[in-house]
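Enquirer: What would the 3D arrangement of this be:
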Amino acid sequence: MVAEPSVFTVKPIGFVRNKIKETGHHDNDRIISEIVVNDDLTDALDNLDEFSHIIVLYWMHRAPKPFPMKVHPRRDSAIPEKGVFSSRSPSRPNPIGKDTVPLLERRGNILKVQGLEAIDGTPVIDIKPYIPGHDSVDDAKAPPWIRHHQRKL
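Expert: Presented below is the predicted three-dimensional model:
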């Protein structure tokens, strides 16, 4: 028996601040962003700056709706359409974004990162430390069409 889906609330823990004002492709690897964490959560950031990288989960609040079942990955029409769950398309049932980015600096409740693929004002829903060996898989495989789009941490 399959349980009925429940509705739940996710509250932002902060917001992204950067120069990206519109959705679309940008040279994100170079863009510096600040994650402004809610003041009441500042203590939760203690020791995060001991890690070189962090995982940022965010709500893609301006993702197109309704979401399609199939997409061209990276909006590249040279790649045949794939099911949305086999892509990183922002158009999805729950538009949750995830990026692993270098943590450049922490100043109180502000985290300075590089390469975050989120626009200015994006709600951040969680932050986790990147743990080598735990957050990477040595024997992972991916189809050939994805390899030329991978970026290095």
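Enquirer: mind listing the strands for this structure?
Expert: If DSSP state E is used as the criterion, the strands of the chain fall at 14-17, 32-37, 53-59, 70-71, 82-83, 96-107, 110-114, 123-129.
Enquirer: In the chain, where is pLDDT below threshold?
Expert: Applying pLDDT under 70 to the chain flags residues 1, 23-28, 147-153.
Enquirer: Can you show me the helices along it?
Expert: With helices called from DSSP state H, the chain shows them at 144-147.
Enquirer: one step back: kindly reformat the strands of the chain as JSON lines containing mean neighbour count.
Expert: Backbone N, C-alpha and C define where each C-beta goes, glycine included. Putting the strands of the chain into JSON lines (neighbours: other Cβ atoms under 10 Å) gives the following:
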{"stretch": "strand 14-17", "mean neighbour count": "20"}
{"stretch": "strand 32-37", "mean neighbour count": "20"}
{"stretch": "strand 53-59", "mean neighbour count": "20"}
{"stretch": "strand 70-71", "mean neighbour count": "16"}
{"stretch": "strand 82-83", "mean neighbour count": "14"}
{"stretch": "strand 96-107", "mean neighbour count": "16"}
{"stretch": "strand 110-114", "mean neighbour count": "19"}
{"stretch": "strand 123-129", "mean neighbour count": "17"}
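Enquirer: So for Ala140, which of the ones you listed sits nearest?
Expert: For the strands of the chain, proximity to Ala140 was assessed by Cβ to Cβ; strand 96-107 is nearest, at 14.2 Å.
Enquirer: one step back: how about the strands of the chain, which one is nearest Ala3?
Expert: With distances scored as Cβ to Cβ, the stretch of those nearest to Ala3 is strand 96-107 (20.6 Å).
Enquirer: got the angle between the closest one and strand 123-129?
Expert: With axes from the mean of the first three to the mean of the last three Cα atoms, to 10 degrees as the basis, strand 96-107 and strand 123-129 are set at 70 degrees to each other.
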